[in-house]
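> Here is a sequence together with a model predicted from it:
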Amino acid sequence: MSNHTPKPLTSAPSSGTQKRLSAATQAAEKIHAEKELFPDPRDDEDEEISVRPISAAMTYRLIGWLKPYLPLYFKGLLCGLVGLGCDLFTPLMARKIIDVGIPSRDVEVILGFAAIWAFLSIAAILLDAVQIDASNRCGERVIMDLRRAVFDHLQNLSMSFFDRTKLGRIITRGTSDMESLRGPVVSGINTVAFNFILMFGAGALILYTDWRLFLAVAWLAPVLTLANHLYREKIGVQHQITRQGYSRVASNLAENITGVRVVSAFHRQDVNLERFNELQEINTSNNIRSAHYSGIYQPFLEFIKFLGQVIILGYGGVLCLSGGPDRLSAGTVVAVFFLWDKFMNPTINMGNFYNQLMGAMASAERVFALLDLKPEVQDRPNAAPLPRLKGHIVFDGVTFGYDPARPVIHALSLDIEAGKTVALVGATGSGKSSTISLLARFYELQQGHIRVDGIDIRDATITSLHKQMGLVLQVNYLFSGTIMENIRYPVPETTDEQVYEAAKALDVHDLFTALPNGYNTTVGERGSQVSLGLRQLVCFTRILVANPSIFLLDEATSSIDTVTEMKVQTALEKIVKGRTTLIVAHRLSTIVKANCIVVLDQGRIIEKGTHSELLLKGGHYALMYDKFVSHQSADKKDEGPVLK
Ligand SMILES: Nc1ncnc2c1ncn2[C@@H]1O[C@H](COP(=O)(O)OP(=O)(O)O)[C@@H](O)[C@H]1O
Ligand SMILES: [Mg+2]
């Protein structure tokens, strides 16, 4: 740490040269991050999906996912139907016992019908159990398949989707949306079908048993239908509102957790809590309103049920008294009484189930909308895999904007010979990271061409392009797991020896083995349990193992401890050998060693050349460098001056 004056163009970088050029860059990024992390939830755009209650199209699409499990499903369905039939005929046994058995005082007849009754009930219960089991299995499979499809699809979506969609919302697709689909998918299709069959079956049997009693209660059916219609309309809208409110609570929570460091750095705890509570408040009143509607509807159904019972027993009783041929038997009244129960119970159950179904429909819409989303960047129909590249990269008049109307890269042209290293420098927002993203084809450019070895990257398959690119991003990304697993990540079949070899080549083997568990040390979620420098070294080793012909590095702006920093420097020098390298550089030592330095400003190249050429020229770069040097000698704090 003796030396704080950079020694440009000399071989060994001093610790001074490793100071970041970007204190203000960091500050600016922090502020940017704050805006990203704390959007006002009240300005929040709502879900893309409009209000739509039960839709046949959605149901049909969901049923489509059952296809692989149809044999099992039909087995369950068949059992369910037979069981249902058994159940429907039980009231007729009561009639026989009362009308035939009791008057004739025949114990055998009574016990015989009771036995049939018992048998039918047991059969109905057993068959129903088989049905439930089968539809559970099918449903769980469907949910699993759906979740897999969502995961798979998310991995293939373009970066622009992740830019504009909140993390919380994305997570909801694979978690709570799946949960709300689960109930209806697992038991729902059968429940609805069986309930309808049961209702119509019971209705038909009442009519068959006695038409007068049938007419006496039949007028209740339109009342039920109307009530049901009104309820569905209300609850349908309300449910959508409730789901949206809940989704906002969830995504707000997720954002606060992801941004927990920034939250505490900016003392935003109170403000955030207030916002969170506001969203909660809305969510709670939404839930209360939903409950209010069910709270009216359910008792109303119960009332209709009691009313029917009173009519059947009262009017049926009177009909029993009348003499003549149309006199009703007591057994018939009892049978109709039971059948009415069988008619009303599905209606009441469906009322409960309706809430679930509404949620499932909303979830299904969202999940399918996600699955229908086409990645903006896709392989073209004639895209071919790339041959092994030498690494000649050409940007030819490239114009790009995240919003096409507002370009952030303007007619950028750059020719990078194979094996050379180009350093991109410039202020925050000048387009360095965007340039790297375009080469990796994370976004589709609007004008111009990017060619590798003369091939337009849009004519190559994305997979083959990425196979030949080693990418280390600003936040060097590790997955929870061990160091070994992380190094092997791009090429899982890599042997331990190959990993050791790569680590030795980068001179970091000793660093990894010195860790508590050596290569088996776990890195924690996103690598949070190991130092930033070490994370970077894991990424570098990963690159060496994959051995791509192009290396893209968006240097981390945060400081790394000095010892690791030295390691990072030497490892970096080894990696760039024999690879075309594009580095977004913040370390002076990296910049100085590049074959070419490209200075960007607002998406345009304003200077280009080697370190010494640019110093001689006395332009922007020279100015930046001067500031850096003077700051270095004046200020020995950890943060360096701005590269501006
Ligand atoms: N994902 C994004 N969506 C929309 N605009 C973006 C996105 N990323 C960067 N930008 C904008 O593009 C411009 C260039 O940004 P970037 O390439 O990240 O610059 P640098 O890496 O040099 O700091 C900036 O104006 C920035 O605000
Ligand atoms: Mg950047």
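Thanks, I have the structure now. Ligands and ions are numbered 1, 2, ... in the order given.

> Can you list the residue ranges for helices in the stretch 1-150 of the chain?
Taking DSSP state H, counting those that start in this stretch as the test, the helices found in the stretch 1-150 of the chain are 23-37, 56-64, 70-96, 102-104, 107-156.

> For the ones you listed, give me CSV that also has mean neighbour count.
For the C-beta atoms, the positions are set from N, CA and C on the backbone; glycine is no exception. Shown next, in CSV, are these (neighbours: other C-beta atoms under 10 Å):
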stretch, mean neighbour count
helix 23-37, 15
helix 56-64, 14
helix 70-96, 18
helix 102-104, 12
helix 107-156, 16
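
> Make TSV from the ones you listed and add distance to V499 to it.
Shown next, in TSV, are the helices of the stretch 1-150 of the chain (distance: least, C-beta to C-beta, whole Å):
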stretch	distance to V499
helix 23-37	33
helix 56-64	45
helix 70-96	45
helix 102-104	86
helix 107-156	25
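
> List just the one of those that sits closest to L339.
helix 70-96 (5.0 Å; C-beta to C-beta).

> what's the distance between that closest one and the middle of its chain?
Remark: helix 70-96 is offset 40 Å from the chain centroid, using C-alpha atoms, centre = their mean, to the nearest Å.

> tell me what it is packed against?
Counting contacts by 3 or more C-beta pairs under 8 Å, 6 or more residues apart in numbering; DSSP states H and E, helix 70-96 is packed against helix 107-156, helix 189-209, helix 330-372.

> so which of the helices of the stretch 1-150 of the chain gets nearest ligand 1?
Smallest distance to ligand 1 across the helices of the stretch 1-150 of the chain (C-beta to the nearest ligand atom): 7.2 Å, for helix 23-37.

> Just the pLDDT at the spatially closest residue to S160 that is not a sequence neighbour, thanks.
Nearest residue to S160, sequence neighbours excluded (C-beta to C-beta, 6 or more residues apart in numbering): E376, at 5.5 Å. E376 is assigned 83 on the pLDDT scale.

> Burial check on S160, number of neighbours?
Number of residues near S160 (other C-beta atoms under 10 Å) recorded here: 16.

> That one contacts D403, correct?
No - applying C-beta atoms under 8 Å as the test, S160 and D403 come out as separate, 9.7 Å apart.

> residue boundaries of the strands in the chain?
Secondary structure of the chain, counting by DSSP state E: strands at 393-400, 409-416, 421-425, 447-452, 455-456, 469-472, 550-554, 580-584, 596-601, 604-609.

> Pipe those into CSV and attach mean pLDDT per row.
CSV is the format used below for the strands of the chain (pLDDT from 0 to 100):
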stretch, mean pLDDT
strand 393-400, 95
strand 409-416, 94
strand 421-425, 94
strand 447-452, 94
strand 455-456, 94
strand 469-472, 89
strand 550-554, 92
strand 580-584, 93
strand 596-601, 94
strand 604-609, 94
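
> I'd like those strands laid out as TSV, including mean neighbour count.
Putting the strands of the chain into TSV (neighbours: other C-beta under 10 Å) gives the following:
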stretch	mean neighbour count
strand 393-400	19
strand 409-416	18
strand 421-425	25
strand 447-452	18
strand 455-456	14
strand 469-472	24
strand 550-554	24
strand 580-584	25
strand 596-601	21
strand 604-609	16
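
> Just put the ones you listed in CSV and tack on distance to I98.
Below are the strands of the chain laid out as CSV (distance: least, C-beta to C-beta, whole Å):
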stretch, distance to I98
strand 393-400, 84
strand 409-416, 87
strand 421-425, 92
strand 447-452, 87
strand 455-456, 86
strand 469-472, 81
strand 550-554, 84
strand 580-584, 88
strand 596-601, 93
strand 604-609, 95
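
> ok, how many other residues are close to G259?
Neighbours of G259 using other C-beta under 10 Å come to 19.

> quick one: it from A291, how far?
Plainly put, G259 is 33 Å away from A291 if you go by C-beta to C-beta, to the nearest Å.

> and if you look at T165?
Look at T165 and A291: by C-beta to C-beta, they are 31 Å apart.

> who does the nearest residue to I583 once chain neighbours are set aside bridge with?
Using C-beta to C-beta, 6+ apart and skipping residues adjacent in sequence, the residue nearest I583 is L553, 4.6 Å away. Applying DSSP bridges to L553 yields these beta-bridge partners: V472, I583.
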